[in-house]
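Participant: kindly generate the corresponding structure for this input.
(one chain, ligands or ions: 1)
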Amino acid sequence: MSGTRLDPYSDRYAARTHGMTASEIRALFAVVSRPEVVSLAGGMPAVTALPLDAVGSMIGDLVSGHGAAALQYGSGQGDPRLRERICDVMALEGIGVGEDPAASPDNVVVTVGSQQGLDLVTRVFCDPGDIVLAEAPSYVGALGVFQASQAEVRHVEMDADGLIPQALREALMALRAQGRRAKFLYTVPNFHNPAGVTLPVERREQILALAEEFDLLIIEDNPYGLLGFDREPLPALRARSAERVIYLGSFSKTFSPGLRVGWVYAPVAVREKLVLASEAQILCPPSLTQYAVARYLDTQPWEQQIKVFCELYRDRRDATLDSLTALMPDGVTWTKPDGGFYVWLQLPKGLDAKVMQPRAIAARVAYVPGVGFYADGSGQRFLRLSYCYPVPDRIREGVRRLATVIESELELRETFGGIDPATLHGAVSGSHGGAGSPSARSAAVEPRAGGNTPTADAR
Ligand SMILES: Cc1ncc(COP(=O)(O)O)c(C=O)c1O
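Facilitator: From the prediction side, this is the model:
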């Protein structure tokens, strides 16, 4: 390497790489894997709750008994047997049931996790400068895909019941007034990442009605829908509209993220494009992991296993909410998920989760600061807690440490008044204050104005 430039290739990169930065979560990975840190950061499923011996021998049998196919290239659209079984899984959320015409394996495209599905859908629909509507906050991996495709994200407000239909209407009206339209709405209706909230049935109907009225396409991303703690799954948006909704599914949270198997369920014309785009990207999804998932669904009590996961996550959710209620100081609020992996927490005014993060790490607790979940760089007062991975005692300890850090930040704020907390951190290093007052706070995803700033270095 010659010259003074750090990166000798910098004048060669495509424009779309310029906004690419490591996500908050990736940056945290090295730190949070240290054993002394309680990580409430990563959304890693509790895979050790799987029957690992049974899964292991099943995969061994696949190689020894069916290696000629399982170790070979396969169809670009995905293994037909797996696509059939995916239809059975989708039926649990009303897809292909009742009034919905039978789900067809022909319209399923198997992907390398739903993340690849998200990338394919975005490639197929978005040119640079196109507008995508997405909840505020939104899944960080989706924002990364939209940014890489140079789409412009416009956020739509949520509250404790998910996306607000009136806010969606206003966003659509504003676009119409500008003579523009969104390529699609990206939404996570169940146990939202990061907000933890779920869209009730009435809102689903309202959002589908808006999709009809404004000729809107919806991308329904649903990796957590079967992980409800207290009730049967709600009907998918896709179950109510075959033409307006493209559905993304995943086995990452109900079986294993390490196998990287997800899918897209799309109308036939879109499916064609998705298959072509996927073949250009990866030729075909991995045969071995597709066979493994299909065999797992064929031979193992997978619905029972999902119940096992749900019970485990319910205990961890309870440990999180109970300790938040017992320990957090006044002014801190959080959502109350009834499924999935995440609690979304709002700090009192004047605190900044990103600025506070080094102190939290020093106190041996990790979370994900909220800013990464907004395309416009807002969300400073928010942070995401994941309860899926640590055992309840570790969660309680993690929340205790976090409460102490927040107390200490509040003391700093009291002492130094309106001074920017970022400045204080340079000037003051101190011990962490005592435990907070025990009072429960209500769930809220702070209503925000729809942002329209193109993605910058939000992560
Ligand atoms: C909302 C959402 N969509 C998509 C994904 C990607 O999942 P997969 O492992 O199927 O690629 C995740 C993973 O955390 C997620 O939370």
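Participant: could I get the average pLDDT for stretch 340-354?
Facilitator: Taken as a whole, stretch 340-354 has an average pLDDT of 97.
Participant: one more: stretch 322-332?
Facilitator: Across stretch 322-332, the average pLDDT comes to 98.
Participant: any buried residues in that stretch, and which?
Facilitator: Ser323, Leu324, Ala326, Leu327, Met328, Pro329, Val332 (16 or more other CB atoms under 10 Å). All C-beta atoms are positioned from the backbone trio N, CA, C, and that covers glycine.
Participant: pretty sure the first one contacts Asp393?
Facilitator: No - the pair formed by Ser323 and Asp393 falls short of the contact definition of CB atoms under 8 Å, at 10.3 Å.
Participant: tell me how far stretch 403-420 lies from the chain's centre.
Facilitator: The chain centre lies 30 Å from the centre of stretch 403-420; the measure is CA atoms, centre = their mean, to the nearest Å.
Participant: Gly94 belongs to a strand, doesn't it?
Facilitator: No - with DSSP: H, G, I helix; E, B strand; the rest coil as the criterion, Gly94 is coil rather than part of a strand.
Participant: distance check, it against Pro165.
Facilitator: Taking CB to CB, to the nearest Å as the measure, Gly94 and Pro165 are separated by 20 Å.
Participant: tell me the confidence at whichever residue of the stretch 351-459 of the chain sits closest to the ligand?
Facilitator: At 9.5 Å from the ligand, Ser386 is the closest residue in the stretch 351-459 of the chain, using CB to the nearest ligand atom. In the prediction, the pLDDT value recorded for Ser386 is 98.
Participant: phi and psi next, for it.
Facilitator: When quoted as degrees, to the nearest 10, the phi and psi of Ser386 stand at phi -110, psi 130.
Participant: same question for Leu383.
Facilitator: Main-chain torsions, Leu383, degrees, to the nearest 10: phi -150, psi 160.
Participant: ok, what's across the strand from it?
Facilitator: Taking DSSP bridges as the rule, Leu383 bridges to Leu345, Pro369.
Participant: contact partners for it?
Facilitator: Contacts for Leu383 (CB atoms under 8 Å, 6 or more residues apart in numbering) come out as Trp344, Leu345, Leu347, Ala353, Tyr367, Val368, Pro369, Gly370.
Participant: I'd like the residues you listed as a markdown table, with neighbour count and distance to Gly43 appended.
Facilitator: What follows is the contacts of Leu383, written out as a markdown table (neighbours: other CB atoms under 10 Å; distance: CB to CB, whole Å):
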| residue | neighbour count | distance to Gly43 |
| --- | --- | --- |
| Trp344 | 29 | 13 |
| Leu345 | 27 | 15 |
| Leu347 | 22 | 21 |
| Ala353 | 24 | 17 |
| Tyr367 | 27 | 12 |
| Val368 | 29 | 9 |
| Pro369 | 25 | 15 |
| Gly370 | 26 | 15 |
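Participant: and of the residues you listed, the nearest to Pro194?
Facilitator: Trp344 (5.4 Å; CB to CB).
Participant: would you reformat the buried residues of stretch 322-332 as TSV and include secondary structure and distance to Asp298?
Facilitator: Output for these, formatted as TSV (DSSP: H, G, I helix; E, B strand; the rest coil; distance: CB to CB, whole Å):
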residue	secondary structure	distance to Asp298
Ser323	helix	41
Leu324	helix	41
Ala326	helix	45
Leu327	helix	46
Met328	coil	46
Pro329	coil	51
Val332	coil	47
